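Colleague: let me see the structure of the following:
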Amino acid sequence: MSELHSSGRTRRVVITGMGAFTPIGHSTDQFWSALLEGRSGTGPITHFDAEGFDTQIAAEVKGFEPRDYLGAKEARRADRFIQLAIAAARAAIASAELLIDDTNRERVGVVIGSALGGIGTAERELNILATRGPQRVSPFFIPMFLADMASGYVAIELGAQGPNLATLSACASAAHAIGESAEMIRRGAADIILAGGSEAAVTPGSVAGFNALHALSTHNDEAGTASRPFDATRDGFVVGEGAAILVLESLEHALARGAHVLAELTGYGVSADAFHITQPTPDGSGAMKAMKLAIASAGLQAGDIDYINAHGTSTAFNDRIESLAIRATFESSKIPPVSSIKSLTGHLLGAAGAVEAVACVATLQHQIVPPTWHLHVVDPECDLDYVANAPRPLAVQHVLSNSLGFGGHNVSLIFSGWED
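Modeller: Predicted coordinates:
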């Protein structure tokens with residue numbers, strides 16, 4: 001990108017650390033290994049009794065102990081989406097070897113997106129209100145429920161006093177958080193921003209609501225393979241939970257402190273379908289516009305993109321229309337390989353874009369494209385190279401990642417390789 005800092009100097013934005021707590025791993029290394037080995041995070045729901053629900057499967061973060069990352073009292077006062085965000089943020093700053101202290105805390109920001117925020121807390125407390133009365137509602141109900149509290153809590157825990165906000169754009173929330181954080185760094189509002197997303201929406205209300213939309217898979221007897229992006233037998237997405245945080249830093253600042261640069265965030269494109277509350281535009285024009293804007297903002301041509309990390313939800317509309325949008329974006333260029341990691345992670349809703357950003361950076365580091373698992377009967381209307389069922393070694397310099405949300409939100413990010 002070529003935007004200028006207020007001093008007139010170009011400010012480039014790099015990634016210097018990452019942390020992830022996902023259904024397929026509690027660290028970025030575990031997460032990446034599972035992506036290559038095909039270890040699915042989907043199984044029977046354990047967070048609540050799902051008997052009687054059309055969908056009885058989800059991608060849960062197993063074995064997560066919040067008291068390992070914040071005190072017992074604070075853990076009780078924080079919704080699970082906040083707890084996961086704090087854990088991912090601590091892992092990210094450790095990865096970046098970043099010390100936040102009085103010398104830099106006013107220049108360190110936090111931007112964390114979430115689609116449903118503390119929906120688990122909301123369901124519980126509203127049930128208490130209905131069954132036991134208003135006097136029994138917790139005084140922590142509102143602070144636990146608000147979607148901005150992941151970024152607020154992380155800032156409190158780490159002492160980061162720079163820009164602090166939440167992005168709420170459904171399944172594009174985390175991608176918006178990353179892109180807007182980069183823009184803040186470019187204009188000089190911060191030197192470092194912890195950006196990403198967190199979601200903990202494996203709850204009765206969430207599952208019932210998505211079931212009412214006929215959006216979730218009901219392959220309950222085939223839990224491990226229920227998420228099948230681009231497959232003709234797909235019947236909906238698998239709801240997942242988790243968090244991922246990236247440490248975004250101005251290149252100048254990163255080099256000055258001797259940080260190890262993992263990748264560069266070079267492109268960011270956004271658009272709105274302005275069409276329907278849940279369905280994308282039938283011609284894919286909204287997603288296509290976001291991709292083209294991201295490519296242009298990175299100073300690239302379509303032919304420079306080596307791999308596309310698709311939104312790829314495993315729903316009938318998304319997979320078909322996203323494929324159409326990709327074809328239109330690359331109409332005069334060779335279409336690069338495409339894959340969806342949601343085949344293993346499920347759909348982490350507002351956190352999806354951040355978890356997939358971690359996968360994109362790992363792709364650049366390892367020069368291996370993670371595949372779309374469980375793709376055996378390709379939908380005839382999904383006719384791209386989806387890297388089915390096996391990792392693919394590939395020379396990769398520029399990766400494009402899509403995130404598309406209810407409400408018509410479209411975000412495309414471009415991550416580029418870095419050599420010291």
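Colleague: pretty sure residue 203 sits against residue 48.
Modeller: Yes: because the distance of 6.8 Å satisfies Cβ atoms under 8 Å, residue 203 is recorded as touching residue 48. Glycine gets a C-beta too; all of them are placed from N, C-alpha and C.
Colleague: ok, those two, which is more surrounded?
Modeller: Neighbours were counted for residue 203 and for residue 48 using other Cβ atoms under 10 Å; residue 203 has more, 24 against 15.
Colleague: mind listing what that one touches?
Modeller: Going by Cβ atoms under 8 Å, 6 or more residues apart in numbering, residue 203 touches 47, 48, 119, 120, 123.
Colleague: and the second one, what's its pLDDT?
Modeller: Residue-level confidence at residue 48 comes out at 98, pLDDT.
Colleague: gap between it and residue 132?
Modeller: 19 Å (Cβ to Cβ, to the nearest Å).
Colleague: same question, the third one
Modeller: Distance of residue 119 to residue 132, given as Cβ to Cβ: 20 Å.
Colleague: which of these two has more residues huddled nearby?
Modeller: Shown here are residue 119 and residue 132; by other Cβ under 10 Å, residue 119 has more neighbours (25 against 10).
Colleague: correct me, but the more buried one touches residue 207?
Modeller: No: if you go by Cβ under 8 Å, residue 119 and residue 207 don't touch, sitting 10.7 Å apart.
Colleague: from the contacts of residue 203, which ones fall inside helices?
Modeller: Among the contacts of residue 203, the residues falling in helices (DSSP state H) are 119, 120, 123.
Colleague: between the residues you listed, which is closest to residue 313?
Modeller: Distance ranking of the ones in helices among the contacts of residue 203 against residue 313, using Cβ to Cβ, places residue 119 first at 19.0 Å.
Colleague: enumerate every residue touching the closest one.
Modeller: Contact analysis of residue 119 by Cβ under 8 Å, 6+ apart lists 145, 200, 201, 203, 205, 206.
Colleague: which of these sits closest to residue 59?
Modeller: Nearest to residue 59 out of the contacts of residue 119 is residue 201 (Cβ to Cβ; 10.8 Å).
Colleague: quick check, pLDDT for the residue nearest to the closest one when sequence neighbours are not counted.
Modeller: Closest residue in space to residue 201, ignoring its immediate chain neighbours: residue 116 at 4.6 Å, by Cβ to Cβ, 6 or more residues apart in numbering. On the pLDDT scale, residue 116 is placed at 98.
Colleague: hmm, residue 166 and residue 151 touching each other?
Modeller: Yes: with contact defined as Cβ under 8 Å, residue 151 reaches residue 166; the gap is 5.1 Å.
Colleague: which residues are in contact with both of these two?
Modeller: Each of 111, 112 lies in contact with both residue 151 and residue 166 under the rule Cβ under 8 Å, 6+ apart.
Colleague: neighbour count: these two, which is higher?
Modeller: More crowded of residue 151 and residue 166, by other Cβ under 10 Å: residue 151, with 29 against 23.
Colleague: pLDDT of the helix or strand where residue 365 lies, averaged?
Modeller: With secondary structure defined by DSSP states H and E, residue 365 is part of helix 352-366. If you average the pLDDT over helix 352-366, you get 98.
Colleague: how long is stretch 95-107 from one end to the other?
Modeller: This stretch, stretch 95-107, spans 19 Å end to end (Cα to Cα, to the nearest Å).
Colleague: and for stretch 236-251?
Modeller: Start and end residues of stretch 236-251 are separated by 41 Å (Cα to Cα).
Colleague: could you break this structure into its assigned domains?
Modeller: 14-256, 268-416 (automatic domain parsing).
Colleague: take the contacts of residue 119 and keep only those in helices.
Modeller: Judged by DSSP H, the subset of the contacts of residue 119 located in helices is 145, 205, 206.
Colleague: buried stuff in the helix holding residue 365?
Modeller: Neighbour-count burial for helix 352-366 flags 352-364 (criterion: 16 or more other Cβ atoms under 10 Å).
Colleague: what would it look like as CSV? C-alpha coordinates only.
Modeller: Taking Å, rounded to 0.1, in the frame of the first residue of the first chain, the C-alpha atoms of helix 352-366 are listed here in CSV:
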residue,chain,number,x,y,z
ALA,A,352,-13.1,-16.3,11.5
GLY,A,353,-11.1,-13.6,9.7
ALA,A,354,-8.4,-13.5,12.4
VAL,A,355,-8.0,-17.2,12.6
GLU,A,356,-7.8,-17.4,8.8
ALA,A,357,-5.2,-14.5,8.8
VAL,A,358,-3.0,-16.7,11.0
ALA,A,359,-3.4,-19.5,8.5
CYS,A,360,-2.4,-17.0,5.7
VAL,A,361,0.7,-15.9,7.5
ALA,A,362,1.7,-19.6,8.2
THR,A,363,1.1,-20.3,4.5
LEU,A,364,3.7,-17.6,3.6
GLN,A,365,6.1,-18.9,6.2
HIS,A,366,6.0,-22.5,5.3
